[in-house]
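Need a 3D model of the sequence below.
(one chain, ligands or ions: 1)
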Amino acid sequence: MVAYEPVIGLEVHAELLTESKMFCTCAVVDSTSAEPNTVVCPVCLAMPGVLPVINRKAVEFGLMVGLALNCEIPAFNQFARKSYFYPDLPKGYQISQYEYPLAINGWLEIDLPDGSTKRIGIRRAHLEEDTGKLTHVDGHSLVDLNRAGVPLLEIVSEADIRSAEEAEAYARKLRAILQYLGVNSGDMSKGVLRMEPNISVRPVGSDDLRTRTEIKNLNSIRSLARASAYEIERQIALYEAGESVQQATMGWDEARQVTVTQRVKESSEDYRYFPEPDLPVLELDRAWIEAVRAGLPELPDAKRDRLMAEHGLSRYDASVLVAQRAVADYYEQALAAGGDPKQVANYLIGDVFRQMNLEGRERDDIGAILLTPQALAELVTLVRQGAINHGVAKQLIETLYAEGGSPARLVEQRGLAQVSDESVIGEAVATVLDEHPDEVARYLAGEEKLIKFLMGMVMRALKGKGDAQVVQRQLAAQLEARRK
Ligand SMILES: [Zn+2]
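The predicted structure is shown next:
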């Protein structure tokens, strides 16, 4: 039996969140918010005789990404024409970069399940313009050119990825970096971030690169992971059956959870790239590059390391908190409101995420939940002060998540304050022990796990509000007293 290993590279297209398009002054708008073909001008409609002008902000955003991905930034940059015909491309060519891209030779670090890390090479990142959008309805094809000319950054990894899990980790890290930089929302369902893995498999130990396929139309990172895993298995099965893999562009059928062949490639396309004659070469000033570097925000890995060092969080917890910028922002707002760093992390990762999962809500959306970071901080402080116990806190998170509001007020309104009074708890313990003579006898005969049952009964008698430490102490003492 031959063992196979996958060889995966990832191409990522990220629309840049500039105010205007790549080569004209049209606004960059959400595809769902504007009527089709209303945010266009002679330049992005490709009228004859018009001239493009490079968007400085788009170059700056591209630079930020290149620097964040540890790339070299060559001083000499040039745009190139990529010629092909497609109905959503009115010029008949796309302005892209070819021989002289914005950024080259970088890397990104991913965390592996065994706790180690791995660097995935970044071959290049280059600027280009997006195409329009085609919609096919009832045998007709409709074109919307609002998206034509939106700045796009293409980020190409080296083929260093060796499993579907690594592809997923790479995609998550890259998406987080784009979000932290504020250059892309990371919303794959809206198509502003598009990821295309190219995949081949080969016998372990071999260096050859076999025929690869490319998967398109992935609308989430989960789909990327599943489609990659499926495609790896499909190719291995073909080789094991003595067949070969055909070079092709595949799509991912979300409903059936299978990859499907869309287009078989007979030869590689010839785009006849040549330097774009309508644009000057782009010479980047070193001082500007260094100024952009100095202005980069704290990135996910640095934030993770800082949270571990400053607050003693585990690497796992810190990684989860920094994985989406929205979650990191939420967490830091809760700390700014006075929440204990470890407790906030525990309730956030445990209870708040559980509520979001139940609702099917993406973590990117945490900024919009009714339980505010300030309320979570307040809740954690109430637990630390002994005003409420852990069980009540969990229950309150459900309520605050559903309705919002102030934890302190809810505690008062519902009478949820923690009961710590020794005599009240002592009485409850005595009553429970009197009512359960069998369990008490079995416990005293060595069945120690019954302590949990008795603890539960006392907590129930105290309506869940008992101070767990006092209950434990009283229970132990009174059980001991009954031994004689
Ligand atoms: Zn325009």
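
so which residue of the stretch 51-200 of the chain comes closest to the ion?
Gly149 (5.5 Å; Cβ to the ion). Using the backbone N, CA and C atoms, a C-beta is placed for each residue, glycine as well.

just checking, that residue is part of a strand?
No. Under DSSP: H, G, I helix; E, B strand; the rest coil, Gly149 sits outside any strand and is assigned coil.

thought it was touching Ser20?
No. Contact criterion Cβ atoms under 8 Å: Gly149 and Ser20 do not qualify, at 9.2 Å.

Look at these two and report which has more neighbours.
Of the pair Gly149 and Ser20, Gly149 is the one with more neighbours under other Cβ atoms under 10 Å, namely 31 against 17.

Run through the residues that contact that one.
With contact taken as Cβ atoms under 8 Å, 6 or more residues apart in numbering, Gly149 is in contact with 21-24, 26, 43-44, 129-130.

So what's the residue count around Thr38?
Neighbours around Thr38, by other Cβ under 10 Å: 11.

Now do the SS call for the closest residue to it other than its chain neighbours.
Counting by Cβ to Cβ, 6 or more residues apart in numbering, the nearest residue to Thr38 once its immediate chain neighbours are dropped is Asn146, at 6.8 Å. Under the three-state scheme (three-state DSSP), Asn146 adopts coil.

Name the residues of this structure found near the ion, please.
24, 26, 41, 43-44 (Cβ under 5 Å from the ion).

List buried members of those residues by neighbour count.
For the residues of the chain next to the ion, a burial check counting by 16 or more other Cβ atoms under 10 Å picks out 24, 26, 43-44.

Can you lay out these as TSV showing secondary structure?
What follows is these, written out as TSV (three-state DSSP):
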residue	secondary structure
Cys24	coil
Cys26	coil
Val43	coil
Cys44	coil
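
now, the most widely separated pair of the contacts of Gly149?
Greatest spatial distance among those (Cβ to Cβ): Val43 and Asp130, at 13.8 Å.

low-scoring stretches of the protein, by residue?
266-268, 484 (pLDDT under 70).

follow-up on the earlier one: farthest-apart pair in the residues of the chain next to the ion, please.
Cys26 and Val43 (7.7 Å).

on that earlier part again, contacting residues around the residue nearest to Thr38?
Taking Cβ under 8 Å, 6+ apart, we find Asn146 in contact with 29, 31, 34, 36-40, 132-133.

mind checking how far it is from Leu51?
21 Å (Cβ to Cβ, to the nearest Å).

for Asp467, same thing?
Going from Asp467 to Leu51 by Cβ to Cβ gives 75 Å.

who's more crowded, those two?
Set Asp467 next to Leu51 and count neighbours by other Cβ under 10 Å: Asp467 wins out with 19 against 10.

pretty sure Arg306 is in a helix, no?
Yes. The assignment for Arg306 (three-state DSSP) places it in a helix.

List the residues that contact it.
Contact analysis of Arg306 by Cβ under 8 Å, 6+ apart lists Glu298.

overlap in contacts of Gly149 and Ser20?
Cys26.

Burial check on the nearest residue to His13 once chain neighbours are set aside, number of neighbours?
Excluding the flanking residues, the one nearest His13 by Cβ to Cβ, 6+ apart is Arg194, at 4.4 Å. Using other Cβ under 10 Å, Arg194 has 18 neighbouring residues.

Test my guess that Arg194 contacts Met188.
Yes. Contact criterion Cβ under 8 Å: Arg194 and Met188 qualify, at 7.1 Å.

Alright, that wraps it up for me.
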